[in-house]
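**Q** just a sequence and a predicted model for now, questions to come.
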Amino acid sequence: MWPNDRFIKLCGIELPIIQAPMAGAALSDMVVAVSQAGGLGSLACALLTVDQARKELETIRRRTSRPINANFFCHQPPRDERAREMSWRQRLNAYYIQLQVDSSTSVAQSASASFDEKMCDLVMEYHPEVVSFHFGLPEKKLLLRIKRAGAKILSSATSVAEARWLEDQGCDAIIAQGFEAGGHRGMFLREDVSTQVGTMALVPQVVDAVKVPVIAAGGIADKRGILAAFALGAAAVQIGTAYLRCPEAQISALYRQALKSTSDNETAITNVFTGRPARAIVNRLMREVGPMSDLAPEFPLAAATLAPLRAKSEMAGSADFTPFWSGQAARLSRDLPAGELTKQLVAEVLTNLRSLQIGATSSGH
Ligand SMILES: Cc1cc2nc3c(=O)[nH]c(=O)nc-3n(C[C@H](O)[C@H](O)[C@H](O)COP(=O)(O)O)c2cc1C
């Protein structure tokens, strides 16, 4: 039925649609809904403690027996760069004064930890059928433990070189993440954002370069994007931003409204929120300090300095200092429950695939 069924066979799922892991936004409700619909629901664990991740996995396993994906960040720990942090603080000082925030205020923050032994133990306990990573891969011994337990390993590549590297390290499938994608760039071999590749150019070049199945990600939000991904040689799509409009997404009303009203050219790649490049809807901080700033400390340190400002402005109903991660195709998304969205996308794609085939036959091709 599908032009390429390598990924659905690899993971034992029905539909070649992965709901993208979205740290801070996609928890058990979303994962269960998508996996129950036949796609692959992904639990983003990057901002969860081990206990919080355990609770989510417990809920998911109780509510569905379908395959699921658990996703982790695996960044290098930040270097100790006090001078840079001081400069960052100074750059933000005018905002601290304006908002009357004490810069020494500490604000409780989500974990943002890299994948480690404890998270690996948790993976062993709940055996997600798929484990995916962002920013490369974890250390070899942890990766081997997961592989030996039978989970399929996925990671994001933003270039052909990254895709080849991931395949060499034993990834079972590669997520080709184009420049259009919302959230953090998975880039890990290079830091230069200006040379990052769009989905249309990246996917076929990655398909040509690796033997494992390729998943297209970035700017895909409706049947046209999915059909295009298959035409480019992908075996599945990973969709993030379009799932943010679902009621299961754990995002604020302000964020939801911004996604509804944003246009194609209102997002940008920025490092000012966390220290790593990520695509978000342009706001005051991005306009005035970024979108890219050499002063931003390494991931995830930039976020800590910003946290008190963010908390104060959010209390006043403002999103001046809050990242609203979004891809370039937010306007193509719709308000639908995640399970329905998954099924509707697939139904639309299949109808189109059939009519394309009929068209091809009747014109003699
Ligand atoms: C709100 C948000 C949070 C994200 N968090 C993660 C994450 O925790 N782990 C991950 O691997 N990718 C994350 N991503 C990136 C997605 O995996 C994917 O590459 C991207 O959503 C695809 O582009 P699209 O948003 O245009 O569909 C996130 C994306 C968004 C929009």
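**A** Cool, got the structure.
**Q** could you pull out the strands in this structure for me?
**A** Applying DSSP state E to the chain gives strands spanning 17-19, 41-44, 68-73, 130-134, 152-157, 173-177, 183-184, 214-217, 236-239, 267-270, 278-281.
**Q** dump these into a markdown table; add mean neighbour count and distance to the ligand as well.
**A** Any C-beta I mention is one placed from the backbone N, CA and C, and that applies to glycine too. Below are those laid out as a markdown table (neighbours: other CB atoms under 10 Å; distance: least, CB to the nearest ligand atom, whole Å):
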| stretch | mean neighbour count | distance to the ligand |
| --- | --- | --- |
| strand 17-19 | 28 | 8 |
| strand 41-44 | 29 | 4 |
| strand 68-73 | 26 | 5 |
| strand 130-134 | 27 | 3 |
| strand 152-157 | 27 | 6 |
| strand 173-177 | 29 | 5 |
| strand 183-184 | 26 | 2 |
| strand 214-217 | 30 | 4 |
| strand 236-239 | 30 | 5 |
| strand 267-270 | 22 | 9 |
| strand 278-281 | 24 | 8 |
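**Q** would you turn these into JSON lines with mean pLDDT?
**A** Shown next, in JSON lines, are the strands of the chain (pLDDT from 0 to 100):
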{"stretch": "strand 17-19", "mean pLDDT": "98"}
{"stretch": "strand 41-44", "mean pLDDT": "98"}
{"stretch": "strand 68-73", "mean pLDDT": "98"}
{"stretch": "strand 130-134", "mean pLDDT": "98"}
{"stretch": "strand 152-157", "mean pLDDT": "98"}
{"stretch": "strand 173-177", "mean pLDDT": "98"}
{"stretch": "strand 183-184", "mean pLDDT": "98"}
{"stretch": "strand 214-217", "mean pLDDT": "98"}
{"stretch": "strand 236-239", "mean pLDDT": "98"}
{"stretch": "strand 267-270", "mean pLDDT": "98"}
{"stretch": "strand 278-281", "mean pLDDT": "98"}
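**Q** so which of those strands comes closest to A201?
**A** Proximity to A201, assessed across the strands of the chain by CB to CB, is greatest for strand 173-177 (9.9 Å).
**Q** angle of that closest one against strand 130-134?
**A** Here strand 173-177 runs at an angle of 40 degrees relative to strand 130-134 (axes from the mean of the first three to the mean of the last three CA atoms, to 10 degrees).
**Q** can you list the residues of the stretch 51-200 of the chain near the ligand?
**A** 71, 134, 156, 177, 180-184 (CB under 6 Å from any ligand atom).
**Q** report the two of those separated the most.
**A** N71 and E180 (19.5 Å).
**Q** which positions in the stretch 251-365 of the chain make contact with the ligand?
**A** 325-327, 329.
**Q** rewinding a little: could I get the strands of the chain in CSV, plus columns for distance to D102?
**A** Compiled in CSV, the strands of the chain are given as follows (distance: least, CB to CB, whole Å):
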stretch, distance to D102
strand 17-19, 40
strand 41-44, 32
strand 68-73, 30
strand 130-134, 34
strand 152-157, 38
strand 173-177, 39
strand 183-184, 29
strand 214-217, 41
strand 236-239, 41
strand 267-270, 26
strand 278-281, 26
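**Q** quick check: I17 vs M200, distance?
**A** 19 Å (CB to CB, to the nearest Å).
**Q** let me fix that: A303
**A** When A303 is compared with M200 (using CB to CB), they lie 32 Å apart.
**Q** okay, those two: which has more neighbours?
**A** With neighbours defined as other CB atoms under 10 Å, A303 and M200 compare such that A303 has more, 21 against 16.
**Q** which residues sit against stretch 153-165?
**A** Stretch 153-165 is contacted from outside by 69, 130-137, 143, 146-147, 166, 170-179, 185-190, 196-197, 202, 205-206, 209-210, 214-215, 217, using CB atoms under 8 Å, 6 or more residues apart in numbering.
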